[in-house]
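# Sequence plus the predicted model coming up.
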Amino acid sequence: MNSTTAINILHNISLRPFNTFGMDVKAKDFAEISAETEIPAILRLISRYEGPVLFLGGGSNVLFTQDFNGLVIKVSTKGIEIVDQDDEYVYVRGMAGENWDDFVQYCVKRNYGGLENLSLIPGNVGSSPIQNIGAYGVEIKDTFYMLDAVSLRTGEFREFIAGECEFGYRSSVFKHELKGQYLILSVTFRLKKRPVLNTSYGAITAELEAIGEAPSVKSVASAICNIRRSKLPDPLELGNAGSFFKNPVVSQAVYLELNSLYPGIPAYQAGDDVKLAAGWLIEQCGWKGFREGDAGVHTRQALVLVNYGNASGNLVYSLAQKIIESVKSKFGVQLEPEVNII
Ligand code: FAD
Ligand code: EPU
């Protein structure tokens, strides 16, 4: 590696193009890594830097509530590689800055099974393990093989296998005990050469019928893209970060009590507990389509908070607080943000 690589640092940069909420905040300092050879220089920079450091991938899971008085490092390292294969599996590695959906479609095109249900999720490969991204019955933990990371404290390179990542619903060790301690460099997935499709979500089967396609890796990916486009706002048209809150998980007893008060409340078994649909709870509190200034609750999906143009992060955050309070007071259920509040 070239130890003399110089990192270009920009100052007082608007982060608007770098977060899908479109928050117009400034970073005191800003740098970008585009090649692995720049990592030693980035690590030196971080070790000398006085102030907070924040990595950004696609900026699709962050809400900036103020200027960032520190160093933002945008991770833009690219590359997709088949690192190994046997009769059953192919092991595909994506560099952290690779766009997630480009990575998924690379696998879909080659008929490697396992990631098709995760089509069209915004963001980058390197961020996918942070909250164990999931959609339509699948989470990355189902096909995750390992990741390469580097410790910001010691500069030590380390591999993490699945068991070390403590994956859970929208959660991993990188969101908790190891938060902010590692830069994820690449992620490797183990995909099936003879795919086993997951069409357990009724909407997938209905969409396959509507487009007249038999189930396959490619058709499931297309169906998922169609469903997502019909439900979720495109951040290029309307600022948002996907689901703002996690779906709350409650005990069986709490669920039974809620179901007696609100028969048919949407709910899914989650181990011994029950996962409720936060979008339904929020809609029942009357928030769907609500707008205050440029901050709002999406008209088609109440779990998504939106920026109509010039909302501040604080306005969106205070709307989120009001929603949390009203859901708590009507249902006794505590909502928690899924988005990283900065
Ligand atoms: P960022 O927002 O840039 O970063 C997220 C966090 O990861 C930050 O804390 C950041 O510091 C950290 N980070 C980023 N890169 C690295 C790295 N290389 N090393 C260490 N830390 C890093 N999520 C789902 O799970 N399922 C969905 O269905 C889904 N749908 C969405 C739909 C829309 C329209 C939008 C806007 C978002 C959606 N999301 C969904 C949320 C989002 O796409 C995911 O959380 C995604 O993984 C975020 O990736 P990112 O690169 O944009 O991360
Ligand atoms: N619902 C309503 N009103 C709404 C929205 C939803 O009543 O405004 C009801 C729906 O009718 C349905 C239930 O809530 O009965 C669930 O809705 P949906 O299928 O749209 O999924 P979700 O639970 O709102 C979750 C994920 C999404 C993921 C989809 C598909 C979380 C926090 N969100 O949404 O992930 O794409 O399922 O699997 O788990 C994200 O994380 O950013 C994200 C978009």
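Noted; the coordinates are in hand. Not measured: the values here are computed from a predicted model. Ligands and ions are numbered 1, 2, ... in the order given.

# need the contact list for the residue in the stretch 151-300 of the chain positioned nearest to ligand 1.
The stretch 151-300 of the chain approaches ligand 1 most closely through residue 242 (2.5 Å), counting by Cβ to the nearest ligand atom. For every residue, glycine as well, the C-beta is placed using N, CA and C. Contact partners of residue 242, counting by Cβ atoms under 8 Å, 6 or more residues apart in numbering, are 60-61, 121-122, 232, 304, 338-339.

# Off-centre distance for stretch 158-177?
With Cα atoms, centre = their mean, to the nearest Å as the basis, stretch 158-177 stands 14 Å off its chain's centre.

# Which element, helix or strand, includes the residue of the stretch 151-300 of the chain closest to ligand 1?
Element membership for residue 242 (DSSP states H and E) is strand 239-243.

# Beyond that strand, next helix or strand please.
Strand 239-243 is succeeded, C-terminally, by strand 249-250 (DSSP H and E).

# C-alpha coordinates for whatever helix or strand comes next after that following strand, CSV please?
Downstream of strand 249-250, the first helix or strand assigned by DSSP H and E is helix 252-261. These are the backbone C-alpha positions of helix 252-261, laid out as CSV (Å, rounded to 0.1, in the frame of the first residue of the first chain):
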residue,chain,number,x,y,z
GLN,A,252,-47.7,-12.2,23.6
ALA,A,253,-49.7,-10.9,26.6
VAL,A,254,-49.5,-7.2,25.4
TYR,A,255,-50.5,-8.3,21.9
LEU,A,256,-53.6,-10.2,23.1
GLU,A,257,-54.7,-7.2,25.1
LEU,A,258,-54.2,-4.9,22.1
ASN,A,259,-56.0,-7.4,19.8
SER,A,260,-59.0,-7.4,22.2
LEU,A,261,-59.2,-3.6,22.0
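
# Could you tell me which residues within helix 252-261 count as buried?
254-255, 258 (16 or more other Cβ atoms under 10 Å).

# Please report how far the residue in the stretch 101-250 of the chain positioned nearest to ligand 2 lies from residue 60.
Closest approach between the stretch 101-250 of the chain and ligand 2, counting by Cβ to the nearest ligand atom: residue 242, at 2.5 Å. Between residue 242 and residue 60 the distance, using Cβ to Cβ, to the nearest Å, works out to 7 Å.

# any common contacting residues for these two?
Common neighbours of residue 242 and residue 60 (Cβ under 8 Å, 6+ apart) are residue 122.

# The stretch 101-250 of the chain: strands as residue ranges?
134-135, 138-139, 144-151, 157-161, 182-192, 239-243, 249-250 (DSSP state E, counting those that start in this stretch).

# got a markdown table for these, with mean pLDDT and distance to residue 326 too?
Listed next are those as a markdown table, based on pLDDT from 0 to 100; distance: least, Cβ to Cβ, whole Å:
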| stretch | mean pLDDT | distance to residue 326 |
| --- | --- | --- |
| strand 134-135 | 98 | 26 |
| strand 138-139 | 98 | 29 |
| strand 144-151 | 98 | 37 |
| strand 157-161 | 97 | 39 |
| strand 182-192 | 98 | 36 |
| strand 239-243 | 98 | 18 |
| strand 249-250 | 97 | 17 |
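
# deepest of those, which one?
strand 239-243 (a mean of 24; mean count of other Cβ atoms under 10 Å).

# circling back: quickly note the distance from the residue of the stretch 151-300 of the chain closest to ligand 1 to residue 203.
Relative to residue 203, and taking Cβ to Cβ, residue 242 is found at 17 Å.

# and if you look at residue 240?
Residue 240 is 20 Å from residue 203, by Cβ to Cβ.

# go on, residue 80?
Taking Cβ to Cβ, one finds residue 80 at 29 Å from residue 203.

# before we move on, what about residue 248?
22 Å.

# Then residue 19?
From residue 19 across to residue 203, the span is 29 Å (Cβ to Cβ).

# again, but for residue 279
Distance from residue 279 to residue 203, by Cβ to Cβ: 14 Å.

# Between those two, which has more neighbouring residues?
residue 279 (22 against 15; other Cβ atoms under 10 Å).

# Might one say that the more buried one is in contact with residue 302?
Yes - counting by Cβ atoms under 8 Å, residue 302 is a contact partner of residue 279 at 4.6 Å.

# So which residues on the chain come close to ligand 2?
135-136, 231, 242-243, 246-247, 266, 277, 279-280, 283, 288, 301-303, 338 (Cβ under 6 Å from any ligand atom).

# Now which of the residues you listed would you call buried?
135-136, 242-243, 246-247, 277, 279-280, 283, 288, 301-303, 338.

# And the residue nearest to residue 296 when sequence neighbours are not counted, which helix or strand is it part of?
Among residues not flanking residue 296 along the chain, residue 306 sits closest, at 5.0 Å (Cβ to Cβ, 6 or more residues apart in numbering). Here residue 306, judged by DSSP H and E, is contained in strand 304-307.

# Pull that strand out as PDB, backbone CA atoms only.
Provided in PDB are the C-alpha atoms of strand 304-307 (Å, rounded to 0.1, in the frame of the first residue of the first chain):
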ATOM      1  CA  VAL A 304     -41.900   7.100   6.300                       C
ATOM      2  CA  LEU A 305     -41.300  10.700   7.400                       C
ATOM      3  CA  VAL A 306     -40.500  13.000   4.500                       C
ATOM      4  CA  ASN A 307     -38.900  16.300   3.700                       C
END
